Every structure is written in C-alpha cells, then in structure tokens.
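J.: Got a predicted structure here, sequence first:
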Amino acid sequence: MPDTQGMAAFDAKGFSELPSLTQPGASRLIAELVDESFVEAGLQQVLDERSFTAPRGDGLAMGFPPKYLPAVIDWFIPLLDRAAAAYNACYRDAPVRLRMSLHLGPVTIDGNPPDANGTARNDLHRLLDSEPLKRVLDESDPEVTHLVSVLSDRVYQDVLVGGYSKLRPGACTRVEATVSGKAAFRQTAWLYVPSPSDGGAAAPAAGGAPDGPWRFPRRPRLSQSVGNGTAVAGDVYGGLTIVHRP
C-alpha cells in the first residue's frame, strides 16, 4: 500500500477569466505566496520534505509528511491569508483571492519530477473545486476574506478532533462537498475561513513559535532606518513600517 501523504492544493478565484498573457504570472504569484508563507511560518521543513509539487495551471498541489498537518493548519493558513491580504492592499486593481484544500491519504509517488496518483489525490482536487468552497468565497467581502480553505473529513477528525491542532473543531463549518459535473463525488468536508466576512471564528493569531513537535526557528522581520525624509519598509505579510524624520 502506498505511503500516506498530507496534501494541499491551491487556486485563485477568476483565474480562467484572466487574459492568457497574464495567467503564467498569476500562477507564479500563487506559488510565491505559498512558499513565502511556509518560510514565514517557520515551516521550511515542509518545503524541504515535499514529496511532490505539481503546477495546476491556476495554482498548484503539493504533498508533505502528515506530521506537519497541525502546523500547516495553525500557522501556515493564517499567514497565507495575511500574505494575500497584504498583496491585495497594494494591488487593488488585480487582487488575488485564494482557495485551498487539505487532505490526507495514500498516494503513489513517481515520475521525475515526482507527482502523486491515487484516489486521495483526486479527492484533494475535487474538494478544491467543490461548490461550497467556491460559494463561500463568492459570497464573502473581498476586502475582508482573501483565503478560504476546506479540510477533508479525515484531516478534521484526525487533526482537529484528535486534539493535535490549536484550531478548535467549532471553528469549522460542516458541508457536503459536491462538484458540478461530478455526480459521483459527495463527501463530508469542513470549511475554515481565517478571516470571515461575517465576523465569525477567526484564526489563531500568527506569530511567535508554534507549540508542539513542529517548533522551528522563525525568519527575522525587515527593519529600516532613516536619517532624514521618509522610509517605508515591509513585506507581503502586512508588516508595514513608515518612518519619517524631518
């Protein structure tokens, strides 16, 4: 039987409506936001130990050791939400609003570069394309909600109900995940919105070192000094500093 993998997939709302010329740049942006958020979360190990990374046209999919799932939920998801929010604050004419699915299951890893195949991989993408996930992003405030995620029932039961995550099970909303045109797919899943437009349950505050076996060093923040005039320093995570000296 193949090894069980943690898996995540990402895409962006409205990607297919972009001109063909701009689609590669949008795909690179998603990959950069994902990678930088893992680093900022202190989860470089997740990137180093990826079992596969597969571009998806409008996003990407990746696999990683299941032991990192609590840290991905507790630290990576809130930071990716903040990264998208900070980017959108700077580029209001071309915002990126993200969907993410998270799953756990056996897949066969092969090929060069390696990719994953199996029912669990298929379900990962069905969850990403599911109607409830798309609907909650469509109906949310674009100024508030920049990322919506869906956890498979197995991730929810094993990680949240099992007590391995700081995120309480009540922070997620149970849905029946279905996909238009895929009548055979229907699964229980759990929506998690780090910054809900209705003021509901929010993500744990990002920052500091995560508790538990995934404790990693964090990257230092940017800093800036100025003798006279105005300096602006920051990063894609919203850590903006403005210094003015006359």
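T.: That came through fine. Residues are numbered from 1 along each chain as shown.
J.: what's the offset of the helix or strand hosting Leu47 from the middle of its chain?
T.: Per DSSP states H and E: Leu47 is located in helix 44-48. Here helix 44-48 is found 15 Å from its chain centre; the criterion is Cα atoms, centre = their mean, to the nearest Å.
J.: Give me the residues contacting it.
T.: Helix 44-48 is contacted by residues 35, 38-39, 64, 68, 71-72, 76, 214, 216 when judged by Cβ atoms under 8 Å, 6 or more residues apart in numbering. C-beta here means a position set from N, CA and C on the backbone, and glycine is covered the same way.
J.: Compute the mean per-residue pLDDT across whatever helix or strand Leu102 lives in, please.
T.: Per DSSP H and E, Leu102 falls inside strand 98-106. Average pLDDT, strand 98-106: 97.
J.: What of stretch 74-87?
T.: In this model, stretch 74-87 has a mean pLDDT of 95.
J.: Now do the strands in the protein.
T.: Secondary structure of the chain (DSSP state E): strands at 4-12, 52-55, 59-64, 98-106, 108-110, 115-117, 147-152, 173-179, 182-192, 229-233, 241-245.
J.: The longest one to strand 173-179, inter-axis angle?
T.: Taking axes from the mean of the first three to the mean of the last three Cα atoms, to 10 degrees, one finds that strand 182-192 is oriented at 150 degrees with respect to strand 173-179.
J.: for the third one, same thing?
T.: Taking the same axes, to 10 degrees, one finds that strand 59-64 is oriented at 120 degrees with respect to strand 173-179.
J.: so what strands line up beside strand 59-64?
T.: strand 4-12 (antiparallel), strand 52-55 (antiparallel) (DSSP bridges).
J.: chain center to the shortest one, what's the gap?
T.: Shown here is strand 52-55, whose average C-alpha point lies 15 Å from the average C-alpha point of the whole chain (Cα atoms, centre = their mean).
J.: Who are the packing partners of the biggest helix by length in the chain?
T.: When the chain is parsed with DSSP state H, its longest helix is helix 23-40. Packing partners of helix 23-40 (3 or more Cβ pairs under 8 Å, 6 or more residues apart in numbering; DSSP states H and E): strand 4-12, helix 44-48, strand 59-64, helix 77-90.
J.: chain center to the third one, what's the gap?
T.: How far strand 59-64 lies from its chain's middle: 10 Å, per Cα atoms, centre = their mean.
J.: out of the contacts of helix 44-48, which are buried?
T.: Among those, those classed as buried by 16 or more other Cβ atoms under 10 Å are 35, 38-39, 64, 68, 71-72, 76, 214.
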